[in-house]
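S.K.: What shape does this take:
(chains A and B)
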Amino acid sequence: MFRLAVRSARVQMARAPVAAAIVRAPVRFYAVAPITKEEVTSRAFEALKTVAALQESKLTLEANFQKDLGLDSLDTVEALVALEEEFDLEIPDKISDEIKTVGEAVDYIYEEERKL
Amino acid sequence: MTLATEFAETTRRSATAPELRKRVLHLYRRYMRYSKEFCDIYELDMPVANVKTKIRQEFERQRFVNNLDVSNVLLMKGQMEFQELINFWKQQCHVLRYFDDQHSYNVVDKNDFVKNFLRGN
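M.R.: Numbers count the residues shown, from 1 in each chain, chains lettered A, B, ... in the order given. The predicted structure is shown next:
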């Protein structure tokens, strides 16, 4: 039964027009579309929610890690490491020391992702 | 192959608290980054979050140290510990000692307030 079906399919394939010779302008296909800022933001928010001490309801781009989200210095480090793990990059110490708000972190990650 | 000097850091003394604080945060960041690595190489049978919590606890223990000299030594020790951990200079049992009290949840609570209360003391 299966063999019959295969055979008939093969016959049909052979009959199909071989080259319908449609010449198109070459299109480049990317494996993944370039990442958008919205995507970075939503993924960053999801990653930040894993930080235990963080107050989720106050999570916005303008939120300051320590003043608004109620994190202490160690929690802030944890939050940034969570972001690093989510986006698979390593934020150098000098830059992470300067990052004070969620927006700054998202901006930096977005810039880094675009470089790839 | 392990490079003996990998993750090594020259010991130095921070003269001011803000600078020391910064160095501590850098060390903490390094610990956090490599926490998954610790889990992997020592085959710790626990979630990474558990290891992270333990690292946090060890840092928190020294939170209220005021003496700058003591803090400097503690940071130095922390850095040494990090180097030993990440270079796989320890064995699993050494790492598991940190988690000794993990299963002590069943210990009897010495505070028998409720018992006395029920007895009417």
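
S.K.: Show me which residues of chain A are close to chain B?
M.R.: Listed as neighbours of chain B in chain A under the rule C-beta under 8 Å from any C-beta of the partner chain: A:Ser73, A:Leu74, A:Val77, A:Glu78, A:Leu80, A:Val81, A:Glu84, A:Glu90, A:Asp93, A:Ser96, A:Asp97. For every residue, glycine as well, the C-beta is placed using N, CA and C.

S.K.: Now chain B against chain A: closest residue?
M.R.: B:Met32 (4.2 Å; C-beta to the nearest C-beta).

S.K.: that older thread, of the residues of chain A next to chain B, keep whichever come out buried.
M.R.: A:Leu74, A:Val77, A:Glu78, A:Leu80, A:Val81, A:Glu84, A:Ser96, A:Asp97 (16 or more other C-beta atoms under 10 Å in any protein chain shown).

S.K.: How many neighbouring residues does B:Phe38 have?
M.R.: For B:Phe38, the number of neighbouring residues by other C-beta atoms under 10 Å in any protein chain shown comes to 21.

S.K.: How about residues contacting the helix or strand hosting it?
M.R.: B:Phe38 belongs to helix B:35-41 when assigned by DSSP states H and E. For helix B:35-41, the surrounding residues in contact (C-beta atoms under 8 Å, 6 or more residues apart in numbering or on different chains) are B:Leu44, B:Met46, B:Val48, B:Val51, B:Lys52, B:Ile55, B:Leu85, B:Ile86, B:Phe88, B:Val95.

S.K.: What ranges does chain A have for its helices?
M.R.: A:2-15, A:37-48, A:73-87, A:93-98, A:102-115 (DSSP state H).

S.K.: what's the pLDDT at the closest residue to B:Ile55 other than its chain neighbours?
M.R.: Nearest residue to B:Ile55 in three dimensions, chain neighbours excluded: B:Tyr31, at 4.9 Å (C-beta to C-beta, 6 or more residues apart in numbering or on different chains). In this prediction, B:Tyr31 carries a pLDDT score of 96.

S.K.: Show me where the chain dips below the pLDDT cut-off.
M.R.: No chain in the question, so chain A it is. Chain A contains residues with pLDDT under 70 at A:1-21.

S.K.: could you do chain B instead?
M.R.: B:1-2, B:104-109, B:121.

S.K.: Can you pull the residues of it lying near chain A?
M.R.: Counting by C-beta under 8 Å from any C-beta, chain B sits next to chain A at B:Arg21, B:Lys22, B:Leu25, B:His26, B:Tyr28, B:Arg29, B:Met32, B:Arg33, B:Lys52, B:Arg56, B:Phe59, B:Glu60.

S.K.: by contact count, what packs against the strand or helix carrying B:Glu84?
M.R.: Element membership for B:Glu84 (DSSP H and E) is helix B:68-86. If contacts are counted by 3 or more C-beta pairs under 8 Å, 6 or more residues apart in numbering or on different chains; DSSP states H and E, helix B:68-86 sits against helix B:17-33, helix B:35-41.

S.K.: Buried residues of the last one, list them for me.
M.R.: Spelled out, that is helix B:35-41. Applying 16+ other C-beta under 10 Å to helix B:35-41 flags B:Ser35, B:Phe38, B:Cys39, B:Ile41 as buried.

S.K.: Arrange the residues you listed in a markdown table, one row each, with distance to A:Val106 as further columns.
M.R.: Formatted as a markdown table, these follow (distance: C-beta to C-beta, whole Å):
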| residue | distance to A:Val106 |
| --- | --- |
| B:Ser35 | 24 |
| B:Phe38 | 29 |
| B:Cys39 | 28 |
| B:Ile41 | 32 |
